[in-house]
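> Provide a 3D model corresponding to the input given below.
(one chain, ligands or ions: 1)
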Amino acid sequence: MQDAHADGTASETETVCPLCAVGCHLARGDGAGRARGVPGPANPNGRLCAKGANAFEAVEDDDRLTQPLVREDGDLVETTWESALDRATDGFEDVLDSHGPEALAFLGAPHCSNEENYLLQKLARTLGTNTVDNRARLCHDNAADALEARFGHPASTLGLPDLEASDLVIVVGANPAVQQPVAFNAFVRGSDGALVHIDPRANETTRAADDHLAPRPGTDALLLQCVAATLVADGDYDADFVAERTTGFEAYRESLAALDVERAAAATDVPVADVRRLAERIADADGVAVIAGTGVEADDGATVEALLDVLCLTGNVDREGAGFALFRGLNNEQGATDVGCRPDRLPGHASLADPDARERVEAVWGVEVPTEPGLNETEALGVFGEEVHGALVVGENPAVAKRDADWTAERLDSLSTLVVVDVYETETTEHADVVLPAAVGLEKSGTVTNLDRRVQALAAVADPPGNARTDFETLCALGQRLVGDGFDYTDPSEARAELRRVSPLHANVEVGEQWDYTGFDTPDGRAAFSPADVDVEVDDGDALALVVGSRAGGFGAADVSADENLHLNPADADARGLSDGDAVRVSTDGASVETTLTVEDGVREGVAYLHADVADPLVRAGAATVDVEAAGE
Ligand code: SF4
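Next comes the predicted model:
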């Protein structure tokens, strides 16, 4: 057994758990499908959660794709890699000849490594389109955008050890006790600091908390504005930090002064005494950290803005034990975005209009990069067959959107070429012209970036089954056929070296380290307050607010944390004539899912709670509220 290297990089027999964004180190364990934990930066005690302990199940799964498939006379049939790649290349070249590069779409995934996502966006842009995206954008877009606008980077401001050093951790819209359990146990549960949970559903994190605040759906931001107004009214803010590191404080203070805290707290349905107690905890703490999950995404970023305001007001950013932790779900969500796998950014989060960034990229790639942002995944799917005629889908499953199963099938079938690279047959491979079998994370080398910005080395601790290949090999092969020069890497480390030439963010970080977040990388070097603009009036209509739990991971490993049921308060279930265990349909405009109902007191009235993996079609359809009825009605 080999221990982790001092710098946090993996040895040759250990790698990074591919099942969530915490990034624990592990190696193959004894017994079928089993992994054993190895101490690493995210799991310093060498522990794994139950899901990670079964991480090798996907490696040993007989249901994996093992051979390339091409569609012949309506059916997918096995073929050779040469023949499948030729078919894919011919199809994409036909699209390029007939419609131009904007008619191609490239969809990547947070399951892929940094180097694979880098190659995917390089392939798209080298061919002449910015229509390249990955699913991370669907999960944490509002929080990432708010962090970037406020501090300059769309990522957690702190490192996981800061949580341990914090006097007060506030968890909002997340359940890290279940979704990121190793990090939660190592850095939060074991610390001496207080824990406050803000969530409309009491869950496993609540059990570890000192206080639980369950605001009415849609009022999280208002609750936080009440806390901020109390802090300002009591003079409990960091005037030096505000003066030296922020802008817009006067307008922010005026907006808070206009807030009637008693009335606003009543609108949130949180006792004003609880508001005051949270304000006192924040004022008394030497280091306040926030953990946010997908639950803060529902109100277009208002809750994240309010959280960032509280942190800036009290000087709890950019110092030990303080800051904002974006608890992402999938293992390389941060890295996929960092390397430019999105339609509006070049590697290192650089704007497409940034002349320096363009010059760097174009000098290395030898092509002119298109200036107009491309389509995101949702937009691209909407114009499949009209503006987009060919798609390369790597590890993503857009067919699961199911806004309307017939509509989605029609969109996918309307493409003249759909090439899917995946580990398993999926709803999307059913519509593919070419299916290329892929390796899972445990079968790859390269790097991934976890939820606290740490770039960690992957090591191939297993072989892909049959003729499956890594996405890196597949993208190199497609790139060589479609572009030629610039895709002849022999190893992911060569792509990483190139990434460091085009992206200062990556140039400044060594494998094993977190990329740098010191200071505020904003135009004036300061963080701008966001004046409170929250409607105290609350809509008490019949619609249930959709609250989504964190995503679980994937690739067939036993997901012990997954709860696929819809959770409703007894009053909401009674109002709909529903009982515990009933089959129910949860729907929004153009999308629905069917599942089983769990009735529990832990969910507050007005909330429909669903696990992210189950809620995916509703989230992709943009649902904020949902209707619930008995399935079959
Ligand atoms: Fe760690 Fe996440 Fe893997 Fe569990 S699933 S072992 S918390 S990386």
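
> pLDDT score assigned to the spatially closest residue to residue 577 that is not a sequence neighbour?
Leaving aside its chain neighbours, residue 577 sits nearest to residue 630 (7.4 Å; criterion: CB to CB, 6 or more residues apart in numbering). Just so you know, the C-beta spots here come from the backbone N, C-alpha and C atoms, and that holds for glycine as well. The score at residue 630 is 89. That number is its pLDDT.

> Pull the contacting residues for residue 630.
Residue 630 sits next to 576, 577, 578, 582, 583, 584, 585 when contact means CB atoms under 8 Å, 6 or more residues apart in numbering.

> Swap in 10 Å and give it another go.
Listed by CB atoms under 10 Å, 6 or more residues apart in numbering, the contact set of residue 630 reads 576, 577, 578, 579, 582, 583, 584, 585, 597.

> List just the nearest of those to the ligand.
Distance to the ligand across the contacts of residue 630 (CB to the nearest ligand atom) is lowest for residue 597, with 27.6 Å.

> What residues of stretch 564-582 count as buried?
Buried residues in stretch 564-582, counted by 16 or more other CB atoms under 10 Å: 565, 566, 567, 568, 569, 572, 573, 576, 578, 582.

> now, the most widely separated pair of the contacts of residue 630?
Spanning the widest gap among these are 579 and 585, at 15.2 Å by CB to CB.

> Give me the subset of the buried residues of stretch 564-582 that lies in strands.
566, 567, 568 (DSSP state E).

> The residue of the stretch 351-500 of the chain found nearest the ligand and residue 247, how far apart?
Taking CB to the nearest ligand atom, the ligand has its nearest neighbour within the stretch 351-500 of the chain at residue 450, 7.9 Å off. To residue 247, residue 450 is 31 Å away according to CB to CB, to the nearest Å.

> Likewise for residue 265?
28 Å.

> Give me the more crowded residue out of these two.
When residue 265 is set against residue 247 and neighbours are counted by other CB atoms under 10 Å, the residue ahead is residue 265, at 26 against 16.

> give the contact list for the closest residue to the ligand within the stretch 301-450 of the chain.
As assessed by CB to the nearest ligand atom, the ligand sits closest to residue 331 within the stretch 301-450 of the chain, at 6.9 Å. Shown in contact with residue 331 (CB under 10 Å, 6+ apart): 16-23, 110-113, 441, 448-451, 456, 458, 553-555.

> In strands, which of those fall?
In strands, judged by DSSP E, the following of the contacts of residue 331 are found: 16, 448, 449, 456, 458.

> where's the residue of the stretch 351-500 of the chain closest to the ligand relative to residue 42, distance?
When distance is defined by CB to CB, residue 450 is 6 Å away from residue 42.

> Overlap of the contact sets of these two?
With contacts defined as CB under 10 Å, 6+ apart, the residues shared by residue 450 and residue 42 are 16, 17, 20, 21, 22, 23, 24, 160, 183, 456.

> now the fifth one: how far from the ligand?
Noted for residue 22: a distance of 4 Å to the ligand, by CB to the nearest ligand atom, to the nearest Å.

> How about the contacts made by that residue?
Contact analysis of residue 22 by CB under 10 Å, 6+ apart lists 16, 40-43, 48-49, 52, 160, 176, 179-184, 186-187, 327-329, 331, 450-452.

> Based on its surroundings, how many neighbours for residue 236?
There are 15 residues near residue 236, going by other CB under 10 Å.

> any idea how far it is from the ligand?
For residue 236, the distance to the ligand equals 35 Å [CB to the nearest ligand atom].

> Would you map the strands across the stretch 401-550 of the chain?
Ranges of strands in the stretch 401-550 of the chain, per DSSP state E, counting those that start in this stretch, are 417-422, 434-437, 446-449, 455-458, 527-528, 544-548.

> helices and strands around the first one, which ones?
What that stands for is strand 417-422. In this structure, strand 417-422 makes packing contacts with strand 69-72, helix 81-99, strand 104-108, strand 390-394, strand 434-437, helix 471-482, judged by 3 or more CB pairs under 10 Å, 6 or more residues apart in numbering; DSSP states H and E.

> One more: the third one?
Contacts defined by 3+ CB pairs under 10 Å, 6+ apart place strand 446-449 against strand 15-16, helix 114-127, helix 333-338, strand 455-458, helix 492-502.

> now the second one
The contact analysis (3+ CB pairs under 10 Å, 6+ apart) places strand 434-437 against strand 69-72, strand 75-78, helix 81-99, strand 390-394, strand 417-422, helix 471-482.

> Put the alpha carbons of the third one into CSV.
Meaning helix 81-99. The C-alpha coordinates for helix 81-99 follow below in CSV (Å, rounded to 0.1, in the frame of the first residue of the first chain):
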residue,chain,number,x,y,z
TRP,A,81,-12.6,1.5,-34.4
GLU,A,82,-11.3,2.4,-37.8
SER,A,83,-14.6,1.9,-39.5
ALA,A,84,-16.5,3.8,-36.7
LEU,A,85,-14.1,6.7,-36.7
ASP,A,86,-14.3,6.9,-40.5
ARG,A,87,-18.1,7.0,-40.3
ALA,A,88,-18.0,9.7,-37.7
THR,A,89,-15.5,11.8,-39.6
ASP,A,90,-17.4,11.4,-42.9
GLY,A,91,-20.6,12.5,-41.2
PHE,A,92,-19.1,15.6,-39.6
GLU,A,93,-17.3,16.6,-42.9
ASP,A,94,-20.6,16.3,-44.7
VAL,A,95,-22.1,18.7,-42.2
LEU,A,96,-19.2,21.1,-42.5
ASP,A,97,-19.4,21.1,-46.3
SER,A,98,-23.1,21.6,-46.4
HIS,A,99,-23.8,23.9,-43.5
